[in-house]
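Engineer: got a predicted structure plus its sequence, pasted below:
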Amino acid sequence: KSGFVALIGRPNVGKSTLLNQVLGQKIAIMSDKPQTTRNKIQGIYTTEKTQIVFLDTPGIHKPKSRLGDWMVKTARETFEEVDVILFLVDAKEGLGPGDRFIIEQLKNVKTPVFLVVNKIDQVHPDQLLPFIDRYRQLHHFAEVVPISALHGNNTPTLLNVIQDRL
Ligand code: GDP
Ligand code: MG
């Protein structure tokens, strides 16, 4: 099985940490150069059975310019082309404008979106369900997967759930 995954989420939710956790420090070499291509490959997870290509989606953040608007449009095109969209959110932070903006971009996208709730090591388990419910009121998520990207909690499960969709 092989497929493409778009990893989205506002800054500091843990996208790079997740890629490092999944791909290993040595493979997830990411340049911080400004985005010029629309589907930048962030890394490739490879096993004997599976290949998952993780893509960055430039322009998913709040647009500040006309260039930003253009990038939002290409981000939408990317969403239609991938097999799974991982929407990473921060369990410790509330649902903020950055998340709302991204959820708006996901409107009418047919690709399955997984809500990946990161940094669960930072919150009490009782806080998790109310946190998730707030997101669920705004969008239909194909899966909800709580993880700690930093410590690797539940990241193998996340990979399994992705593989089931390829
Ligand atoms: P990005 O901007 O989405 O790529 O976010 P980063 O991967 O750079 O992470 C931002 C910060 O959150 C860093 O200081 C990470 O160490 C921290 N972080 C990421 N994942 C976790 C997690 O699961 N638990 C905790 N406690 N911190 C995390
Ligand atoms: Mg990053």
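Structural biologist: Yep, that arrived. Predicted, not measured: the structure shown is a model, and the values here were computed from it. Ligands and ions are numbered 1, 2, ... in the order given.
Engineer: give the buried residues for stretch 72-84.
Structural biologist: Val72, Thr74, Ala75, Arg76, Thr78, Phe79, Val82, Asp83, Val84 (16 or more other CB atoms under 10 Å). Backbone N, C-alpha and C define where each C-beta goes, glycine included.
Engineer: among those residues, which are in helices?
Structural biologist: Counting by DSSP state H, the part of the buried residues of stretch 72-84 found in helices is Val72, Thr74, Ala75, Arg76, Thr78, Phe79.
Engineer: and these as TSV, adding pLDDT and distance to Pro156?
Structural biologist: Below are these laid out as TSV (pLDDT from 0 to 100; distance: CB to CB, whole Å):
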residue	pLDDT	distance to Pro156
Val72	70	33
Thr74	76	32
Ala75	80	28
Arg76	81	31
Thr78	87	26
Phe79	91	25
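Engineer: show me which of these neighbour ligand 1.
Structural biologist: The overlap between those and the neighbours of ligand 1 (CB under 6 Å from any ligand atom) is empty.
Engineer: all strands of this structure, in order?
Structural biologist: Ranges of strands in the chain, per DSSP state E, are 2-8, 40-46, 51-56, 84-90, 113-118, 143-146.
Engineer: nearest to ligand 2 within this protein, name that residue for me.
Structural biologist: Ser16 (3.3 Å; CB to the ion).
Engineer: okay, now the unreliable bits of the chain?
Structural biologist: 25-39, 58-71 (pLDDT under 70).
Engineer: which residues of it lie near ligand 2?
Structural biologist: Lys15, Ser16 (CB under 5 Å from the ion).
Engineer: the closest residue to Ile147 other than its chain neighbours: how many residues sit nearby?
Structural biologist: Sequence neighbours aside, Asn154 is the residue nearest to Ile147 in space, at 4.4 Å (criterion: CB to CB, 6 or more residues apart in numbering). Applying other CB atoms under 10 Å, we find 18 residues neighbouring Asn154.
Engineer: and for Pro112?
Structural biologist: Other residues near Pro112 come to 17 when the count uses other CB under 10 Å.
Engineer: quick check: it vs Lys92, distance?
Structural biologist: Note on Pro112: its distance to Lys92, by CB to CB, to the nearest Å, is 26 Å.
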